[in-house]
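1. Any chance you could fold what I've pasted below:
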Amino acid sequence: MSDEVSTLPPQVQERLVKMQRLQQTLQSILAQKQQVDVESSETEQALSELQKMTDDAVIYKAMGTILVRTERTKMITELTERKDLLSTRVTVLQKQEERLRNQLKDIETQLRQDLNPVSPES
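-> Numbering: from 1, shown residues only. Okay, the predicted model is just below:
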């Protein structure tokens, strides 16, 4: 395959390299988005459970390798802030994903034109 690529014009080679970079970046963005979605779901579940508890319930929060006692209202505040932050992060990642998909679509169109030139009608 590398022999085939080396016979292509430099402009086409550059586009292929750019397309590969964009695909790698997109995969990274999708992986990050998936991680944030999982964390957001876990945060939602924790908030839901905290809402069911009474104010005097004993709550522990993981801090590294230990559990520390905390107040329910304080934990709800922390988790709500975390949920908002994760929501913002998902929005940013979605915009990046959309932009990358559009760039990939454009470069694929350019490569198709480069590799399948339209023959002039006689």
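
2. switch to C-alpha atoms for all contacts and neighbour counts from now on
-> Fine.

3. List the contacts of stretch 25-38.
-> 86, 89-90, 93-94, 96-97, 100-101 (CA atoms under 8 Å, 6 or more residues apart in numbering).

4. My error: substitute stretch 55-70 in the last question.
-> 71-73, 75.

5. I'd like the list of the residues you listed that fall within helices, please.
-> Among those, the residues falling in helices (DSSP state H) are 72-73, 75.

6. Which of those residues has the largest number of neighbours?
-> When these are compared by neighbour count (other CA atoms under 10 Å), residue 72 ends up highest, at 20 neighbours.

7. did I read that right, residue 68 in a helix?
-> No - read with DSSP: H, G, I helix; E, B strand; the rest coil, residue 68 is strand and lies in no helix.

8. what about it, neighbour count?
-> Residue 68: 11 neighbours (other CA under 10 Å).

9. could you check the distance from it over to residue 37?
-> According to CA to CA, to the nearest Å, residue 68 stands 26 Å off from residue 37.

10. go on, residue 23?
-> 21 Å.

11. Just the C-alphas of stretch 69-78, formatted as PDB.
-> Extracted C-alpha coordinates of stretch 69-78, given in PDB (Å, rounded to 0.1, in the frame of the first residue of the first chain):
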ATOM      1  CA  ARG A  69     -18.100  11.300  56.200                       C
ATOM      2  CA  THR A  70     -19.900  14.200  54.600                       C
ATOM      3  CA  GLU A  71     -23.300  16.000  54.800                       C
ATOM      4  CA  ARG A  72     -26.000  15.100  52.400                       C
ATOM      5  CA  THR A  73     -26.700  18.600  51.300                       C
ATOM      6  CA  LYS A  74     -23.000  19.300  50.700                       C
ATOM      7  CA  MET A  75     -22.700  16.100  48.600                       C
ATOM      8  CA  ILE A  76     -25.800  17.000  46.600                       C
ATOM      9  CA  THR A  77     -24.200  20.400  45.800                       C
ATOM     10  CA  GLU A  78     -20.900  18.900  44.800                       C
END
